[in-house]
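# Coordinates for the following, if possible.
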Amino acid sequence: MSPIAVGGPALFIGTDTPCVALVRPEIDPAQPGVREAAERAGVSPEEFAGPSDLWQLIADRTDGEGREIALTELSTADADAFAGSLLDATADPDAEFTIVLTVAAHDVLRLSGRPAGEGFAFLASVVPPPSEGTPPLEVEIGPTALADLRVELEQFRRSLR
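This is a model prediction of the structure:
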């Protein structure tokens, strides 16, 4: 089977695991792999690819714990504002900060940063909506180089336009 390429805006804080990611996956239903998989599943390629406007918050820890939260009410403008707040917060490499991603009056992500080495280390508190019945998850993310983080944030923001 052909591999399925997934595009769309993605902001990763941390590299590999542990990490927290804010993503809006986009899958092109015209891809051969999507058409093959859809045929095997008995659905149309468009149905298999799904909508390309739904945000997700993904958190992974090195111990195998993780969370994936569908953010159906997050707008692109809200994702951009969150990234902008993080970009602003990292402008002072000696400052500690906390920024929050709120969706539908619920704080789903609280990201606290502190200076570490040539960048920042983070504590991400991921809080699924109460309706999911899943406990909060804290993810400690080791030092991330400031230059790399700022490039990631700027690329993410450009991908939203």
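
# Point me to the residue sitting closest to the centre of the protein.
Geometric centre of the chain, nearest residue: Leu22, 1.5 Å, by C-alpha atoms, centre = their mean.

# Please name the nearest non-neighbouring residue to Gln56.
Using C-beta to C-beta, 6 or more residues apart in numbering and skipping the chain neighbours, the partner closest in space to Gln56 is Val23 (5.3 Å). No exception for glycine: its C-beta is placed from N, CA and C like everyone else's.

# who's that neighbour bridged to?
Ala10, Gln56 (DSSP bridges).

# Contact partners for it?
Val23 makes contacts with Gly8, Pro9, Ala10, Leu11, Trp55, Gln56, Ile58, as judged by C-beta atoms under 8 Å, 6 or more residues apart in numbering.

# what do you get for Ala121?
Gly113, Arg114, Glu140, Ile141, Gly142, Pro143, Thr144.

# can you check Ile58 too?
Cys19, Val20, Ala21, Val23, Gly66, Arg67, Glu68, Ile69.

# Go ahead and confirm the fifth one touches Leu137.
Yep, that's Gly66 we're talking about. Yes: counting by C-beta atoms under 8 Å, Gly66 does reach Leu137; the two are 7.3 Å apart.

# Which neighbours do these two have in common?
Ala59.

# Return the distance of the nearest residue to Ala5 once chain neighbours are set aside relative to Val139.
Computed as C-beta to C-beta, 6+ apart, the closest residue to Ala5 that is not its neighbour in sequence is Gln31, at 6.4 Å. Using C-beta to C-beta, to the nearest Å, Gln31 is found at 32 Å from Val139.

# Noted, bye for now.
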